[in-house]
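Student: got a predicted structure plus its sequence, pasted below:
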Amino acid sequence: LVAKDKTMFGKHEKSDPYVKVYFGSQKVGKTPIMYETLNPVWGKGTEGHEMTCSLGKLNTRLTKRFLEVSIWDHDYGTANDPMGVVDLKFPKEYNSQVVSWYKVEKGKKGHRTYCHNASGELKIGLEVKLS
């Protein structure tokens, strides 16, 4: 995972971002916190962090075929702040990887991930494997 934007997530000062991945209401992954940055790269090099999320037995006829990728600013002593969200649709074909930049959205008003000044982009690679 890689994020970019000079004023990432509506902030002009550095943040301590991390990402949580949800499938429905179930948290299936989380990145490490990247301290004092507006352009985090989760992992080594410029390609970012590889995260494996187990979704259990996946029914190919699911109505919810997306992951919610939410970005958070880690805070000490107070609640962590949401910085935006990407609703990531499953690829049309299983067992093939899709890598792309996605616009960080505000999210739904009243939802835990809502951020009124969300901005920036998140580079995500997704591969859904059926076993």
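Tutor: Yep, it's here. All figures in this text were calculated on a predicted structure; none of them were measured in a lab.
Student: find the nearest non-adjacent residue to the residue sitting nearest the centre point of the chain, please.
Tutor: Centroid check for the chain by C-alpha atoms, centre = their mean gives residue 69 as the closest residue, at 3.0 Å. Leaving aside its sequence neighbours, residue 69 sits nearest to residue 86 (C-beta to C-beta, 6 or more residues apart in numbering; 4.4 Å). Using the backbone N, CA and C atoms, a C-beta is placed for each residue, glycine as well.
Student: okay, now the unreliable bits of this structure?
Tutor: Residues of the chain meeting the criterion pLDDT under 70: 1-2, 4-12, 43-64, 130-131.
Student: tell me, how many residues neighbour the residue nearest to residue 69?
Tutor: By the criterion of other C-beta atoms under 10 Å, residue 86 has 23 neighbours.
Student: who touches it in this structure?
Tutor: With contact set as C-beta atoms under 8 Å, 6 or more residues apart in numbering, residue 86 has these partners: 68-69, 102-105, 122, 124.
Student: 7 Å instead?
Tutor: Shown in contact with residue 86 (C-beta atoms under 7 Å, 6 or more residues apart in numbering): 69, 102, 104-105, 122, 124.
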